[in-house]
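> Kindly return the folded structure for what I paste below:
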Amino acid sequence: MAAPAAPAPFPWREVMAFGLGQLRWPPEIFWAASPREIFAASEALRRAPAGEPPARGTLEALMRDHPDGP
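Coordinates of the predicted model:
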């Protein structure tokens with residue numbers, strides 16, 4: 001009987017590239033996230049519908065209704 005195969009090491013390089021690079025999370029947010037949270041973020045990104053960006057008027061209305069600052 002053959003010995004069971006060793007589990008694959010955790011893919012830190014790929015996960016760090018995704019969290020810090022693609023999601024642009026600052027390091028303190030990335031390192032505070034659990035692997036499940038990072039996976040959930042990747043699922044949400046993969047499932048996001050690809051489409052046209054909003055029209056200029058729609059974007060301006062959103063920016064007016066939901067300003068970034070006070």
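
> use CA for all of it now, contacts and neighbours both
Fine.

> all strands of the chain, in order?
For the chain, applying DSSP state E gives no strands.

> where does this protein have its least confident helix or strand?
Ranking every helix and strand in the chain by mean pLDDT, DSSP states H and E puts helix 35-47 at the bottom, with a mean of 88.

> Going by neighbour count, which residues of it are buried?
38, 42 (16 or more other C-alpha atoms under 10 Å).

> For it, C-alpha coordinates in PDB please.
Provided in PDB are the C-alpha atoms of helix 35-47 (Å, rounded to 0.1, in the frame of the first residue of the first chain):
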ATOM      1  CA  PRO A  35      -8.400  32.400   3.900                       C
ATOM      2  CA  ARG A  36     -12.200  32.000   3.700                       C
ATOM      3  CA  GLU A  37     -12.700  35.700   3.400                       C
ATOM      4  CA  ILE A  38     -10.100  36.000   0.700                       C
ATOM      5  CA  PHE A  39     -11.800  33.100  -1.200                       C
ATOM      6  CA  ALA A  40     -15.200  34.800  -0.800                       C
ATOM      7  CA  ALA A  41     -13.700  38.000  -2.300                       C
ATOM      8  CA  SER A  42     -12.300  36.000  -5.200                       C
ATOM      9  CA  GLU A  43     -15.700  34.400  -5.800                       C
ATOM     10  CA  ALA A  44     -17.500  37.700  -5.800                       C
ATOM     11  CA  LEU A  45     -15.000  39.100  -8.300                       C
ATOM     12  CA  ARG A  46     -15.300  36.100 -10.500                       C
ATOM     13  CA  ARG A  47     -19.100  36.300 -10.500                       C
END
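
> tell me how far that helix is from the chain's mean position?
Remark: helix 35-47 is offset 6 Å from the chain centroid, using C-alpha atoms, centre = their mean, to the nearest Å.

> Please apply the same query to stretch 32-52.
Once both centres are worked out by C-alpha atoms, centre = their mean, stretch 32-52 turns out to sit 5 Å from its chain's centre.

> okay, Gln22: pLDDT?
With respect to pLDDT, Gln22 scores 91.
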